[in-house]
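K.L.:
Next comes the sequence, and after it the predicted model I'd like to discuss.
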Amino acid sequence: MARPPGSLPLLALWLTACAPKPGEGPVRLGTDADGDGVTAAADCDDQDATSTVRAEDADCDGVLTPHDCDDADAGRGATQQDQDCDGVPTAQDCDDADPEVGAGDCDTGAPPLPDPLISSTLGAMPLVPAGSFVMGCVPGRDDVDGIACTGTEEVPTREVVLTHAFWVMEREVDQGSWGDLGFANPSAHVSDDRPVEYLTWWEMLAGANAASEAEGLDPCYELTGCTADALGEGRTCTGVRVTAPGGHPVDCGGYRLPTEAEWEWAARGGGQHAYAGSDDGSAVAWHSGNADKRTHPGCDPARARNGHGLCDMSGNVWERVWDLHGPYPSTSTATDPQGSTTGVNRGCRGGAYSYAVSYARVATRARLPPEDAHADLGFRLVRTAFPP
């Protein structure tokens, strides 16, 4: 109820009445030390006239009983700051009307983000996000060093949507990592820190499976009709099945070869360069003009990384991809494409130390039979980054 203008609250009137008059001594209040009219036994703080009283605030936490989550527990707060009285303040509670939902249970509508970098059996693997891009040779972006987009297998272009993030080896699989998996080293340019080469496409799939098994992951590939050759000694097979439900490699949990679209998206590094990280091929790639007829150690500081922190996506050795090679379709868009449905050759990307710099352009495409093995042909592996 509103007070009449100029009136005083009852407590103020009472204190005024009890105040000592001029010439009188102090009024003795006995067991009411703060003079608020409440005895010490009933007062939450008998040294503070503004404190609450036990009849209205049993736990003396300053919150009156109707607004206290638990008036027998001074550790529980007020309903104004914690409406569902679950111990989580309103500002930090995902649903302050439901005591079963706390601060760590928020559903923002987006899945948790995967780790931006993982350390694997095969070394560091930065995360490449999901996204979309124009795949193929775009005039003004990819037609450099004497190469025109028209009349090549790099057109027609199309917008590609990749619905998943994935981790990518920062370097090509090197000879040391291949040896750590227990396989023979067939490479012509022998050094633990250089790319392993002279492997068939089939051996690369088997190596991916071995890396998965080494980390307790499900292998992505079931190989059939394989020769008895040891890995690194020319093994070939006649068939492969992707073990993921639905048969799409992006649904695998283990290591695998990238699809051709994944490879190009990763190589572009979030930019619009003709080469993986630059419009100057020699800044990022080992090619026939600067490589001295040999491979080079992965992530050599003499060559720059791309925007995702990946090395040698342009140059050093060609990199095998999963896809069957075929002409780009004329469709304007594609979601998670995995190549042609016909043919026998498998795709290769990125150029090599033995080829002119123009072959190291991100848009360049090449193909080889899966049983072929060469001294300028290697691979790198990826893993789909499922939400944790």
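P.N.:
Cool, the structure landed.
K.L.:
CA atoms only for stretch 47-54, dumped as PDB, please.
P.N.:
The C-alpha trace of stretch 47-54 is given here as PDB (Å, rounded to 0.1, in the frame of the first residue of the first chain):
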ATOM      1  CA  GLN A  47      24.100  -5.800  15.100                       C
ATOM      2  CA  ASP A  48      22.400  -4.700  11.900                       C
ATOM      3  CA  ALA A  49      19.000  -3.000  12.100                       C
ATOM      4  CA  THR A  50      18.400  -3.800   8.400                       C
ATOM      5  CA  SER A  51      18.900  -7.500   8.600                       C
ATOM      6  CA  THR A  52      16.100 -10.000   8.100                       C
ATOM      7  CA  VAL A  53      14.300 -11.900  10.900                       C
ATOM      8  CA  ARG A  54      14.200 -15.600  11.400                       C
END
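K.L.:
and the spatially closest residue to Pro370 that is not a sequence neighbour, what does it touch?
P.N.:
Closest residue to Pro370 apart from its sequence neighbours, by C-beta to C-beta, 6 or more residues apart in numbering: Trp201 at 3.7 Å. C-betas here are computed from N, CA, C, even on glycine. Neighbour list for Trp201: 320, 346, 368, 370-372 [criterion: C-beta atoms under 8 Å, 6 or more residues apart in numbering].
K.L.:
What of Glu170?
P.N.:
By C-beta under 8 Å, 6+ apart, the residues touching Glu170 are 123-126, 298-299, 305, 309-311.
K.L.:
Please repeat the previous calculation with a cut-off of 6 Å.
P.N.:
Glu170 sits next to 124, 126, 309-311 when contact means C-beta atoms under 6 Å, 6 or more residues apart in numbering.
K.L.:
Next, it: secondary structure please.
P.N.:
Applying DSSP: H, G, I helix; E, B strand; the rest coil to Glu170 yields a three-state assignment of coil.
K.L.:
now the closest residue to it other than its chain neighbours, which residues is it bridged with?
P.N.:
Among residues not flanking Glu170 along the chain, Ala124 sits closest, at 4.8 Å (C-beta to C-beta, 6+ apart). Beta bridges link Ala124 to Ser119, judged by DSSP bridges.
K.L.:
Give me the longest helix you can find in the chain.
P.N.:
Scanning the chain for the longest helix, with DSSP state H as the assignment, gives helix 201-214.
K.L.:
Tell me the first helix or strand C-terminal of that helix.
P.N.:
With elements assigned by DSSP states H and E, the helix or strand that comes after helix 201-214 is strand 221-224.
K.L.:
List the buried residues in that following strand.
P.N.:
For strand 221-224, burial by neighbour count (16 or more other C-beta atoms under 10 Å) applies to 221, 223.
K.L.:
Relative to it, what are the paired strands and their orientations?
P.N.:
When DSSP bridges is applied, strand 221-224 pairs with strand 239-242 (antiparallel).
K.L.:
Give me the distance between whichever helix or strand comes after the strand it pairs with and the centre of its chain.
P.N.:
The helix or strand immediately downstream of strand 239-242 is helix 260-268, counting by DSSP H and E. Counting by C-alpha atoms, centre = their mean, to the nearest Å, helix 260-268 is centred 16 Å from the centre of its parent chain.
K.L.:
Neighbours of the nearest residue to Asp36 once chain neighbours are set aside, how many?
P.N.:
Closest residue in space to Asp36, ignoring its immediate chain neighbours: Ala49 at 4.1 Å, by C-beta to C-beta, 6+ apart. Ala49 is flanked by 16 other residues according to other C-beta atoms under 10 Å.
K.L.:
quick one: what helix or strand has Ala49 in it?
P.N.:
Here Ala49 is assigned to no helix or strand, by DSSP H and E.
K.L.:
Give me the PyMOL select line for the contacts of Glu170, limited to the buried ones.
P.N.:
In PyMOL, this line selects whichever of the contacts of Glu170 come out buried by 16+ other C-beta under 10 Å:
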select buried, resi 126+309+310+311
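K.L.:
For the stretch 101-250 of the chain, give me the ranges with low pLDDT.
P.N.:
101-111 (pLDDT under 70).
K.L.:
thinking again about what came up before, sort out which residues of the longest helix of the chain are buried, please.
P.N.:
201-212.
K.L.:
again, but for stretch 32-52
P.N.:
Result for stretch 32-52 [16+ other C-beta under 10 Å]: buried residues 32, 34-38, 43-46, 49, 51-52.
K.L.:
Would you point out the most distant pair within these?
P.N.:
Taking C-beta to C-beta, the two most distant members of those are Gly35 and Thr52; they sit 15.9 Å apart.
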